[in-house]
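Visitor: Fold the following and give me the result.
(2 chains)
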Amino acid sequence: AQSVAQPEDQVNVAEGNPLTVKCTYSVSGNPYLFWYVQYPNRGLQFLLKYITGDNLVKGSYGFEAEFNKSQTSFHLKKPSALVSDSALYFCAVRDIRNFNKFYFGSGTKLNVKP
Amino acid sequence: ETGVTQTPRHLVMGMTNKKSLKCEQHLGHNAMYWYKQSAKKPLELMFVYNFKEQTENNSVPSRFSPECPNSSHLFLHLHTLQPEDSALYLCASGTTYNEQFFGPGTRLTVL
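Guide: Here you go, the predicted model:
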């Protein structure tokens, strides 16, 4: 079965510090992995994806993610956090046997304090 | 704005009411999705339509009835809902190999 796990309900970081939001996955075959962000009263916004190629993926708003096959992880990172990065972050994996289906994690709330 | 719109943004209904949620995309995508988002739970995929044909029904109760008249429009018809159906309902669209684009959602409250 395809699944993702976000082990942290909440991550707190000070503005200007680096941030990491963790995601691990379980898939059969090569994973198609995604990160989305959700601001209050909004839908999910796409940040970045890994399909193939370089393990370090760069996305929107200065975010990047590192694909690690041996650890089955796809952690989201940013070198210097902003207060405006405070939001809910979701990791997702696409079912490669059924491309119509995505599996989402339960979300991690990121709090960036001034 | 992602190019996916949803109406209404908020809906309060009684358990005996019938209402409909609407989703519209003009991104040229072939697939459209309904998700349910409840607090502290993963997004629940409800239905998937691909080129207007329903390809997924994730064991959703029959009180939720989807309709996809064309590739740009998706509806979710609601009747005799329960209070536990209160949630944020998200619509998304996408193509076969790329990411999904989400609408802002409809906040549904069932009294």
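Visitor: Can you name the residues of chain A sitting close to chain B?
Guide: A:9, A:34, A:36, A:41-46, A:49, A:51, A:90, A:98-107 (Cβ under 8 Å from any Cβ of the partner chain). Bear in mind the C-beta positions are built from the backbone N, C-alpha and C, glycine included.
Visitor: Now a ChimeraX select for only the buried ones of those.
Guide: In ChimeraX, this line selects whichever of those come out buried by 16 or more other Cβ atoms under 10 Å in any protein chain shown:
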select /A:34,36,43,44,45,46,49,90,99,100,101,102,103,104,105,106,107
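Visitor: and the residues of chain A next to chain B, which of them are in strands?
Guide: A:34, A:36, A:44-46, A:49, A:90, A:102-104 (DSSP state E).
Visitor: of all those, which two lie farthest apart?
Guide: Between any two of these, the greatest separation by Cβ to Cβ is 18.4 Å, found for A:45 and A:103.
Visitor: Report the contact partners of the residue nearest the centre of chain B.
Guide: Taking Cα atoms, centre = their mean, the centroid of chain B lies closest to residue B:34, which sits 3.2 Å from it. Residue B:34 is in contact with B:23, B:45-47, B:66, B:74, B:76, B:89-91, counting by Cβ atoms under 8 Å, 6 or more residues apart in numbering or on different chains.
Visitor: Within its sheet, name the partner strands of whichever strand or helix holds it and how each one runs.
Guide: Assessed by DSSP states H and E, residue B:34 sits inside strand B:31-37. Here strand B:31-37 has these sheet partners by DSSP bridges: strand B:44-50 (antiparallel), strand B:87-94 (antiparallel).
Visitor: Could you say which of the ones you listed is packed most deeply?
Guide: Burial of those is given as mean neighbour count (mean count of other Cβ atoms under 10 Å in any protein chain shown); strand B:87-94 ranks first at a mean of 24.
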